[in-house]
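Trainee: attaching a predicted model along with its sequence, questions to come.
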Amino acid sequence: QVQLVESGGGLVQAGGSLTLSCTASGGTFTSFTMGWFRQAPGKEREFVGRISNSGGGTTYADSVKGRFTISKDNAKNTVYLQMNSLKPEDTAIYYCAARRTFINSPIVAARDYRDWGQGTQVTVSS
C-alpha cells in the first residue's frame, strides 16, 4: 500500500493558476499509474486526469483538457497537476490516487484506484 499526500491547494481568482503536488511513500512509484480526481460539494467524485507509470501517457477529462497538465517525477516520487485558466466550476477538493500497473491505459474510474490521498481544497473565485 502506498501513502499519498497532496499539497498546493488554495484560493485563486478566475483565470489564475495553481499547481498541486502529490508525494508518495511506501511503494515503488515507478509501478504506479497516478490519477487526479475532484469532488465539489453535493457532487460525485469525478475524474480529472491520469498519467502512466512511466509518465509517457496521459488522459484528461474534457472539462480540463487544454487547461490542466499532469506530470510525474519518478525521482521525487511526486505527481503534479498544473492548473491554468481556472474557472469557478473548478472549485473542489482534489485527490490524487494510485493504481499499481505497468499498462498504459486510460484508467478513469475511481473504483480502479486503490490508494488515495486526503485531498486538498481548491477554491476559484469569480
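Mentor: Good, I have the coordinates. Numbering: from 1, shown residues only.
Trainee: mind checking which helix or strand the residue most central in space within the chain is in?
Mentor: Centroid check for the chain by CA atoms, centre = their mean gives W36 as the closest residue, at 2.3 Å. Applying DSSP states H and E as the criterion places W36 in strand 32-39.
Trainee: just give the strands next to that strand in its sheet, each with its orientation.
Mentor: Strand 32-39 has its sheet partners listed here by DSSP bridges as strand 46-51 (antiparallel), strand 92-100 (antiparallel).
Trainee: redo the ones you listed as JSON lines? Include mean pLDDT and distance to T28.
Mentor: Where C-beta positions appear, they are placed from N, C-alpha and C, glycine not excepted. Formatted as JSON lines, the strands paired with strand 32-39 follow (pLDDT from 0 to 100; distance: least, CB to CB, whole Å):
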{"stretch": "strand 46-51", "mean pLDDT": "98", "distance to T28": "16"}
{"stretch": "strand 92-100", "mean pLDDT": "97", "distance to T28": "8"}
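Trainee: how about those strands, which one is nearest L18?
Mentor: strand 92-100 (9.3 Å; CB to CB).
Trainee: with just CA atoms, put the closest one into CSV.
Mentor: Extracted in CSV, the C-alpha atoms of strand 92-100 (Å, rounded to 0.1, in the frame of the first residue of the first chain):
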residue,chain,number,x,y,z
ALA,A,92,-13.5,21.2,-5.4
ILE,A,93,-11.4,19.0,-3.2
TYR,A,94,-8.7,17.5,-5.4
TYR,A,95,-7.5,14.0,-4.7
CYS,A,96,-4.6,12.0,-6.1
ALA,A,97,-4.9,8.3,-6.4
ALA,A,98,-2.6,5.4,-7.3
ARG,A,99,-3.0,2.1,-9.1
ARG,A,100,-0.2,-0.4,-9.5
